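Chemist: 3D model of this:
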Amino acid sequence: MDATLGLPILTILIAVALLFDFLNGLHDAANSIATIVSTRVLRPQYAVFWAAFFNFVAFAVFGLHVANTIGTGIIDPAVVDATVIFAALVGAIVWNVITWALGIPSSSSHALIGGLVGAGMAKAGISAAVWSGLTKTLLAIVLSPLVGFLLALVLVAIVSWLSVRSTPFAVDRAFRILQFASASLYSLGHGGNDAQKTMGIIAVLLYSQGHLGDTFEIPFWVVLACQSAMALGTLMGGWRIVRTMGLRITKLTPMQGFCAETGGAATLFIATYLGVPVSTTHTITGAIVGVGAARRLSAVRWNVASSIVYAWVITIPASAAVAAATYWIVQVLK
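Modeler: Coordinates of the predicted model:
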């Protein structure tokens, strides 16, 4: 480890981590607001303020289980040094920028995890991985969209049954109001799970440099900085991905938007409580596909959904490859 890492370099690395957090908010803003925008319950410029607020206050609702998983449960903290953190962040940021430019809703979370794995293994080989935490995370790649899909599907069935005697106009009006609550819950879950990933990165960097003593913990200033960076990124939007998530997968009504957001939020709440760093992108996509499939299978544009799945599959290896290459380049230039 770089035991004598200077304050300027440490500050720059923390700034790069916060840049990733900002881009995470920018990239994943669509997850929070795509449904409420596509159903025309809120205009985009108002929706981002709504989502950003709940992104920020999430730290007051959830613990820091996900941050601890990222900090100590993906790669061995003993392997971590400034170069590993820098390479991991470059791998995640490069992949985020590429997918954002192409309008592909890939996972910022798994880009960061891939970056950590790639940089850690470039330094210390396969032994750098903490396989228990990594296995749990990889399992969540499959389970989080599946759980979101099933919860949304069940919610559509329940809500449709409860609304059978109501007029379409009354149902639409009621769920336009209820979507404010469901979008808030999803934004809360997004801020609670995603911002904690950068908290874990900054905390393990501080720990590796001896700034946290002998005990790994998340300083409160790190919590506030990460929540603020994510909220600011959400404010900046991410309209390319909003279009894919909210309009291209399936056409949504306010009732379906409510079911997708509620199913996705429930999945995120459970995962955050268990300390599992899931992908908010995977979760909401699964939920949106679920409400579309509840109407009829042909309502889902499966070619769009399948292209998103391909992006999911290559995110971790792609960001890991960029991170490993960055680590080796930095080592050569030292």
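Chemist: Double-check residue 172 against residue 253; I have them as touching.
Modeler: Yes. Counting by CB atoms under 8 Å, residue 253 is a contact partner of residue 172 at 6.8 Å. For the C-beta atoms, the positions are set from N, CA and C on the backbone; glycine is no exception.
Chemist: So if I had to pick from these two, which one is more boxed in?
Modeler: residue 253 (17 against 14; other CB atoms under 10 Å).
Chemist: Can you pull the phi/psi pair for the more buried one?
Modeler: phi -100, psi 170 (degrees, to the nearest 10).
Chemist: pLDDT score for residue 330?
Modeler: With respect to pLDDT, residue 330 scores 90.
Chemist: so it makes contact with residue 86?
Modeler: Yes. With contacts counted by CB under 8 Å, residue 330 reaches residue 86, the gap being 6.8 Å.
Chemist: Looking at those two, which has the bigger crowd around it?
Modeler: Set residue 330 next to residue 86 and count neighbours by other CB under 10 Å: residue 86 wins out with 22 against 17.
Chemist: Pull the contacting residues for the more buried one.
Modeler: Contact analysis of residue 86 by CB atoms under 8 Å, 6 or more residues apart in numbering lists 13, 16, 326, 330.
Chemist: who wins for most neighbours among those residues?
Modeler: Neighbour-wise, the contacts of residue 86 (other CB under 10 Å) top out at residue 326, 23 neighbours.
Chemist: hang on, the earlier thing: list just the nearest of the contacts of residue 86 to residue 142.
Modeler: Nearest to residue 142 among those is residue 326, at 28.3 Å by CB to CB.
Chemist: Which helix or which strand is home to the closest one?
Modeler: Assigned by DSSP states H and E, residue 326 belongs to helix 302-333.
Chemist: Dihedrals phi and psi, the nearest residue to residue 36 once chain neighbours are set aside?
Modeler: Spatial nearest neighbour of residue 36, chain neighbours left out: residue 183 (4.4 Å); criterion: CB to CB, 6 or more residues apart in numbering. Per-residue torsions, residue 183: phi -70, psi -40 (degrees, to the nearest 10).
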